[in-house]
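[1] Mind folding the following:
(one chain, ligands or ions: 1)
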Amino acid sequence: MKEGVCVYPGSFDPITNGHMDIIERGAAIFNEVIVSILHNPAKEGAFPVRKRLEMIQKACAHIPNVTFDCYDGLLVDYMRIKNASVVLRGLRAVSDFESEFQMAQLNHQIAPDVETLFLMTSPNHAYLSSSVVREIGSFGGDISPFIPACLVDEVQNFLGQENK
Ligand code: ADP
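    Just a heads-up that it's a prediction; the model follows:
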């Protein structure tokens with residue numbers, strides 16, 4: 001039996017195979033996974049939010065219980081709007097731990113009914129991040145091992161244009 005609804009918040013700038021792994025595993029646990037781009041004022045972002053959303057949609061088209069959204073505000077407020085009580089996050093190296101721990105604690109303090117559930121990265125994605133994809137792609141490197149196949153051309157083109 002599956003659990004209720006979870007929200008997987010992030011920048012997804014762009015979505016990577018590491019994110020896909022967390023989404024697919026989350027979708028096996030929950031009835032619904034809401035993948036949501038939360039605007040982070042500290043991170044301006046490379047890809048426009050609309051494009052990021054389109055790419056998430058395209059990459060997750062094969063997973064029926066995944067929905068997509070974006071929100072400009074506090075995660076805990078968004079959780080209330082969506083009537084969801086579980087935040088899904090991925091953990092890579094120890095370096096993720098500190099900021100994730102802080103965010104989970106703060107969110108729990110503001111909204112005690114909100115729990116954060118962490119899934120450990122799969123070993124083959126442990127060193128993968130959106131910023132690595134952006135860096136390799138902007139120098140014309142091969143990004144195909146790191147992002148869903150259906151997005152390789154558009155991400156490569158976008159990053160190539162940006163570097164001109
Ligand atoms: P944020 O700016 O909120 O960290 P990201 O899009 O970078 O947004 O990441 C969203 C979530 O996905 C975070 O919990 C992050 O740790 C997780 N994540 C990112 N890359 C990976 C990966 N390769 N394996 C597992 N989890 C990942």
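[2] Give me the contacts around the strand or helix carrying Met103.
    Here Met103, judged by DSSP states H and E, is contained in helix 94-110. The contact list for helix 94-110 (Cβ atoms under 8 Å, 6 or more residues apart in numbering) reads 74-76, 87, 89-91, 114-116, 118. For the C-beta atoms, the positions are set from N, CA and C on the backbone; glycine is no exception.
[3] among these, which are in strands?
    87, 89-91, 115-116, 118 (DSSP state E).
[4] For Tyr8, which residues are in contact?
    22-23, 26, 33-36, 87-89 are the contacts of Tyr8 under Cβ under 8 Å, 6+ apart.
[5] pretty sure Pro9 is touching Ser36, no?
    Yes: applying Cβ atoms under 8 Å as the test, Pro9 and Ser36 come out as touching, 5.2 Å apart.
[6] any common contacting residues for those two?
    Common neighbours of Pro9 and Ser36 (Cβ under 8 Å, 6+ apart) are Tyr78.
[7] just to revisit the earlier point, out of the ones in strands among the contacts of helix 94-110, which are buried?
    Buried by 16 or more other Cβ atoms under 10 Å: 87, 89-91, 116, 118, out of the ones in strands among the contacts of helix 94-110.
[8] before we move on, back to that, can you narrow the contacts of Tyr8 down to the ones near the ligand?
    22, 89 (Cβ under 6 Å from any ligand atom).
[9] Kindly reformat the contacts of Tyr8 as CSV containing distance to Glu162 and pLDDT.
    Formatted as CSV, the contacts of Tyr8 follow (distance: Cβ to Cβ, whole Å; pLDDT from 0 to 100):
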residue, distance to Glu162, pLDDT
Ile22, 26, 98
Ile23, 26, 98
Gly26, 31, 97
Val33, 30, 98
Ile34, 29, 98
Val35, 24, 98
Ser36, 25, 98
Val87, 31, 97
Leu88, 30, 98
Arg89, 28, 97
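[10] Gln57: which of the contacts of Tyr8 is nearest?
    Val35 (9.0 Å; Cβ to Cβ).
[11] so that closest one sits in a strand?
    Yes: Val35 forms part of a strand when assessed by DSSP: H, G, I helix; E, B strand; the rest coil.
[12] distance of it from Gln156?
    22 Å (Cβ to Cβ, to the nearest Å).
[13] Please say which of these two ends up with more neighbours.
    Val35 (28 against 20; other Cβ atoms under 10 Å).
[14] That one contacts Cys60, doesn't it?
    Yes: counting by Cβ under 8 Å, Val35 does reach Cys60; the two are 6.8 Å apart.
[15] Common neighbours of the two, please.
    23, 66, 68.
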